[in-house]
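>>> sequence plus the predicted model coming up.
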Amino acid sequence: HPGKAAPLPPGGAHEYVWVRCGREGGQPPAISLAAEAAVQALCREGILGGFIRSAHDLSDGGLGAALAEACLASPSAGLGARVRLPEGPGRADGRLFGEGASRILVSAPPEAEGRLREAAERLGVGLAGIGEAAGARLRVDAPDGFPILDVELGALRAAWSGALNEVFGS
């Protein structure tokens, strides 16, 4: 759902760099066990309390991969998303495919936003509203509104059943 966006923490984009550039390497993202415990506590509380409908970690392919997987796994087998990347350091592709630790994409019904924000604040978990589940496309815009990714879910499903290499033409 729409809301004020906070910067996403930096993280490796190892899957993206491998597919896009054919390179391995780099340092894995730093891990804070306290931050991971807090994020997991929020997810448990939200799922058990009914104010988180879905959750997907960003550790394998970052936000871009998690969004694609969430769209393809939606109960209606094709609920898209409209997302605007938050402002932040570095390039947009780094923020879209960064694999930072303790980051989870969650969906929540609009009426649960207050409960989700209260729980996140109480547990010390950062929260950024970046968009909404809607339509039959996955669209990701830069902070200025410029489209970075705009794909119909049928094309996304065809690409996903193959490999990321097909998406990037590598």
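Perfect, I can see it now.
>>> what helix or strand is the residue nearest in space to the middle of the chain on?
The chain has residue 63 as the residue nearest its centroid, 2.9 Å off, counting by Cα atoms, centre = their mean. Take DSSP states H and E as the rule and residue 63 turns out to sit in helix 62-73.
>>> what helices or strands is that helix leaning on?
The contact analysis (3 or more Cβ pairs under 8 Å, 6 or more residues apart in numbering; DSSP states H and E) places helix 62-73 against helix 14-21, strand 54-57, strand 81-84, helix 92-97, strand 104-107, strand 137-141, helix 153-161. All C-beta spots, glycine's among them, are computed from the backbone N, C-alpha and C.
>>> make it 6 Å
helix 92-97, helix 153-161 (3 or more Cβ pairs under 6 Å, 6 or more residues apart in numbering; DSSP states H and E).
>>> deepest of the ones you listed, which one?
Stretch with highest mean neighbour count among these: helix 92-97 (a mean of 21; mean count of other Cβ atoms under 10 Å).
>>> how far out from the middle of the chain is the longest helix seen in the chain?
If each helix of the chain is counted by residues according to DSSP state H, the longest one is helix 33-49. From the chain centre to the centre of helix 33-49 is a distance of 16 Å (Cα atoms, centre = their mean, to the nearest Å).
>>> got JSON lines for the helices and strands packed on helix 62-73, with distance to residue 144 too?
Written out in JSON lines, the entries for the helices and strands packed on helix 62-73 read as follows (distance: least, Cβ to Cβ, whole Å):
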{"stretch": "helix 92-97", "distance to residue 144": "10"}
{"stretch": "helix 153-161", "distance to residue 144": "24"}
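>>> ok, what's across the strand from the nearest residue to residue 151 once chain neighbours are set aside?
On the basis of Cβ to Cβ, 6 or more residues apart in numbering, the spatially nearest residue to residue 151 that is not a chain neighbour turns out to be residue 138, at 5.4 Å. Taking DSSP bridges as the rule, residue 138 bridges to residue 81, residue 151.
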